[in-house]
Every structure is written in structure tokens, then in C-alpha cells.
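Chemist: kindly return the folded structure for what I paste below:
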Amino acid sequence: MAEKKSGLWAFFDVKTNDKSKAVCKECNAVLSRGKPDNPKSFSTSSLITHLRSKHPLQYHNMNSLKSSIAEDPATWWKFNTTKYPTISKVAQVYLAPPTSVPSERLFSTAGDIITEHRTRLLPDNAEKLIFLKYNASLI
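Modeler: Now for the predicted structure:
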């Protein structure tokens, strides 16, 4: 049997004793996926039809989530944090909008060290002073 890739499988389970049937997780309805003796005939069209007609809200959510993750992954993770708590923390780190605060802080520090009164400060020494000031909390 092919790997289940569709978001549709969040709402259905394949019967273990008959791979040609699927069970709806919402209402326990048993649906045919195709001919039992021909696995190549298996499809999800009857499952989609069932979900659309019997559980329209779930059908709508399935389709809207599919498009929302492609359009805005940060929003998708915001709504699915409770479903995937561990990996959502990783997603928050990597999907956070980049900021210029660290570089601005470094330029501000450099501006405090390299002044008109320190015109003879060598570049190596200035670099070391900036490094020490920036990392003072670690020393």
C-alpha cells in the first residue's frame, strides 16, 4: 500500500483486516476505497465525498489548513502549537522575523568606544574592546 500523504488521512483509518475499506474517525462509517482484489483501484474520492457531505466543517478546515501552511507557515504553527508542542518551539525560532537589533547594538557599542578622544586607538585594540564590552556578561 502506498504511503498516506493526504491530509484526508487525519479523518480516516484503513481497516487492518480489509485494506479496501476505510473507517471515518468522526462517525465510524465504513467506506470502500476500491476493489478488494485490486489495490491499484484504491482511491480517496469516496472518502472526500463522505467528508464533504457528512462533515463539511472538517472538510473546510482540511482544505484551508493545506493552503494556509503554504501561504504563511508562522500562522499555521500558531494554530497548531497544541497539536505539536515540541516541534512548534523549533518552528517559532526558525520562522521568527529577522531583526536588526543585534547589529544595531554592536554599532552602538562601537560608537561608545571609538570616539574623537580616541583617535590613536588601533583597529585591533578597538575590536578587542568591542568584543569585551559586548561579552562582559559572560566574563
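
Chemist: wasn't A22 part of a strand?
Modeler: Yes: A22 forms part of a strand when assessed by DSSP: H, G, I helix; E, B strand; the rest coil.

Chemist: pLDDT score assigned to it?
Modeler: pLDDT for A22: 93.

Chemist: and the pLDDT at the nearest residue to it once chain neighbours are set aside?
Modeler: Leaving aside its sequence neighbours, A22 sits nearest to F12 (C-beta to C-beta, 6 or more residues apart in numbering; 4.4 Å). Heads up, the C-betas are built off the backbone N, CA and C, glycines and all. Looking at F12, its pLDDT is 91.

Chemist: which ones are touching F12?
Modeler: Residues in contact with F12 (C-beta atoms under 8 Å, 6 or more residues apart in numbering) are 22-25, 31, 47.

Chemist: most neighbours among the residues you listed, which one is it?
Modeler: Compared across these, A22 has the highest neighbour count, 24 neighbours, by other C-beta atoms under 10 Å.

Chemist: how close does that residue get to R118?
Modeler: According to C-beta to C-beta, to the nearest Å, A22 stands 75 Å off from R118.
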